[in-house]
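>>> Any chance you can model this:
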Amino acid sequence: MTFTTRQIADVSDLIDPLIRLGSIYARVPGIAFGLSYESTNVLLGGYGLADVERDVPVEVETTRFRCASITKSFTATLIMRLVERRKLRLDDAVSSILPWVRGSIGGDVTVRHLLSHSAGMIRDGSNAWDDRTMPDRTKFRTEMRQGATFAEPAERFRYSNTAYSLLGEIIESASGHSFEAALMREIARPLQMQSTSADLTPAARRQLATGYYAARPTEQRSPAAHVQARAVAPAGGLVSTVPDLLAYQRAHLPGDTSLLSDLSKREMQRTQFQRGEEPHYGLGWMNWTVDGIKVVGHSGGFPGFITKIGFAPSEGVAAAVLTNANSPYAGAGLQTIYHVLSQVRARWSEAEASSKWHTRGSLRPFVGLYRERGYDVLVARINGSLYVIDGESPVPLAQPDRLVPRGPRRFLIADGNDFGNVGEEVVFDVDRSGRVTSLAIGGVVLERVAF
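This is a model prediction of the structure:
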């Protein structure tokens, strides 16, 4: 199901302030986000600071973030490219490709098991993601030999960075290139992802945001050290930007053969191991639903960074939210994007109302952020109607107040949350120049604020 140009415009106008507000409430130092529809980036936003100490702002086009486990989808894509070239099979035994693992994992563990996190492998070994030094190849192999599995393959789902580190070695064995070289040669360069690297390089470091650990409400966030992922780069070393990640996701939409056939993409995106709850897992991709839209994507967590990307194959949409903080807001922000997409389309017909006082264009001056004692509401336009939206709600369009004109500046709350002010009036005030300055709702006056 597609979106119209006007729907996408209204979606973009809503997402930008909602993501910005959400990042402020979550105390995220910096955030970059974007939305792509079909072949075009329709929204790119960057707010806050990439480096708090040096007062460096986030620039959505150039600020790079540690993308962590989003790397797994790249690793799986490289594996599938090798499968398409008949240099690998998904059901090949790992020990037949990497002889050194014999005795560490069973001979019945396959490439598919590693990709779907069903190999029964340990998650990280002793090198948790908050360590300041990631293991090199020698240390990784030593730890693998000390005990790499805890269960039989295909017995249960167990997310494993160790499994994807092994996949990196499989890529090197089958392709004849290092993992870093394979990623650049097979994915980044063909898609012109000029701000992407498989690990932290000197060029990436120059444009990398500083990551910040979580802090209690009364504390300042402390910066995380910049470290190389080294042997675990195939599981979480990626450094990238929002525009690059949108281009990458577009290559995974149906009909785009830049990287893979549609058959290979469907195989990656379909559920290979169904968990007890969403997200389920495919081959390098998670899948879940937001308000009826099926989303395929991946999250990432690295010291000082939380990120998430997701695309909707049936909608032609891709989105990314990157933060430089150990905060869950990246996931919430991506959910907000798909919630808005779904709800704008669902409400489009009811919002088609017209009146003798207003056209779609004449409603635009009322759109904005209004505040009273820290309480924020957004006035948004969907199609031919205005909506008053709670700026702090994780599902802002679940029960918004829809306004019907009763005059040039007077509106009736026609429907919305029945714990609110349905059936009452909203009145906007203007200054001498005609600029909207406030709104009165439920006996409260909220001042319009610059945002």
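
>>> What about residue 225, how many residues nearby?
Using other C-beta atoms under 10 Å, the number of residues around residue 225 comes to 11. Backbone N, C-alpha and C define where each C-beta goes, glycine included.

>>> quick one: pLDDT of the closest residue to residue 399 other than its chain neighbours?
Closest residue in space to residue 399, ignoring its immediate chain neighbours: residue 417 at 4.2 Å, by C-beta to C-beta, 6 or more residues apart in numbering. Note for residue 417: predicted pLDDT of 88.

>>> wait, isn't residue 104 in contact with residue 143?
No. With contact defined as C-beta atoms under 8 Å, residue 104 does not count as touching residue 143 (9.6 Å).

>>> what about the strands in the stretch 51-200 of the chain?
Applying DSSP state E, counting those that start in this stretch to the stretch 51-200 of the chain gives strands spanning 56-57, 65-68.

>>> Grab the CA positions of the last one and hand them over as PDB.
Read that as strand 65-68. This file holds the C-alpha atoms of strand 65-68, laid out as PDB (Å, rounded to 0.1, in the frame of the first residue of the first chain):
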ATOM      1  CA  PHE A  65      27.500   7.100  14.900                       C
ATOM      2  CA  ARG A  66      28.600   3.700  16.200                       C
ATOM      3  CA  CYS A  67      25.800   1.500  14.800                       C
ATOM      4  CA  ALA A  68      26.700  -1.600  16.700                       C
END
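
>>> Output the strands of the stretch 51-200 of the chain in TSV; the columns should cover mean neighbour count and distance to residue 384.
Listed next are those as TSV, based on neighbours: other C-beta atoms under 10 Å; distance: least, C-beta to C-beta, whole Å:
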stretch	mean neighbour count	distance to residue 384
strand 56-57	13	36
strand 65-68	29	38
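
>>> Including mean pLDDT and distance to residue 365, could those go into TSV?
Output for these, formatted as TSV (pLDDT from 0 to 100; distance: least, C-beta to C-beta, whole Å):
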stretch	mean pLDDT	distance to residue 365
strand 56-57	98	28
strand 65-68	98	36
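
>>> Looking at those strands, which is nearest to residue 7?
strand 65-68 (29.0 Å; C-beta to C-beta).

>>> which strands and helices sit next to that closest one?
The helices and strands touching strand 65-68, judged by 3 or more C-beta pairs under 8 Å, 6 or more residues apart in numbering; DSSP states H and E, are strand 238-240, strand 293-302, strand 305-312, strand 317-323.

>>> What helices and strands are in contact with the shortest one?
Using 3+ C-beta pairs under 8 Å, 6+ apart as the contact criterion, the neighbours of strand 238-240 among helices and strands are strand 65-68.

>>> again, 10 Å this time
strand 65-68, helix 71-84, helix 202-207, helix 242-250, strand 293-302, strand 305-312 (3 or more C-beta pairs under 10 Å, 6 or more residues apart in numbering; DSSP states H and E).

>>> still on that earlier bit, look at the residue nearest to residue 399 and say how many residues are nearby.
Look at residue 417: counted by other C-beta under 10 Å, it has 14 neighbours.

>>> same deal with residue 296?
24.

>>> again with residue 24
Using other C-beta under 10 Å: residue 24 sits among 16 other residues.

>>> so it makes contact with residue 47?
Yes. Counting by C-beta atoms under 10 Å, residue 24 does reach residue 47; the two are 8.3 Å apart.

>>> Between these two, which contacts overlap?
residue 31 (C-beta atoms under 10 Å, 6 or more residues apart in numbering).

>>> and residue 170, what does it touch?
75, 78-79, 82, 88, 92, 94, 97-98, 111, 114, 179, 234.

>>> Please repeat the previous calculation with a cut-off of 7 Å.
97-98, 111 (C-beta atoms under 7 Å, 6 or more residues apart in numbering).

>>> Filter those down to the ones in helices?
Secondary structure defined by DSSP state H assigns 97, 111 of the contacts of residue 170 to helices.

>>> Just name the closest of the contacts of residue 170 to residue 200, please.
Among these, and counting by C-beta to C-beta, the member closest to residue 200 is residue 98, at 25.3 Å.

>>> Would you tell me which of the helices and strands packed on strand 65-68 gets closest to residue 270?
Closest among the helices and strands packed on strand 65-68, using C-beta to C-beta: strand 293-302, at 9.3 Å.

>>> Output the closest one as CSV, nothing but the C-alphas.
In CSV, the C-alpha atoms belonging to strand 293-302 read as follows (Å, rounded to 0.1, in the frame of the first residue of the first chain):
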residue,chain,number,x,y,z
ILE,A,293,2.9,-2.1,9.3
LYS,A,294,5.4,-4.9,9.0
VAL,A,295,8.8,-3.5,9.7
VAL,A,296,12.2,-5.2,9.1
GLY,A,297,15.2,-3.8,10.8
HIS,A,298,17.8,-4.0,13.5
SER,A,299,18.8,-2.3,16.7
GLY,A,300,22.3,-1.5,17.9
GLY,A,301,24.0,-0.8,21.3
PHE,A,302,27.6,0.2,21.7
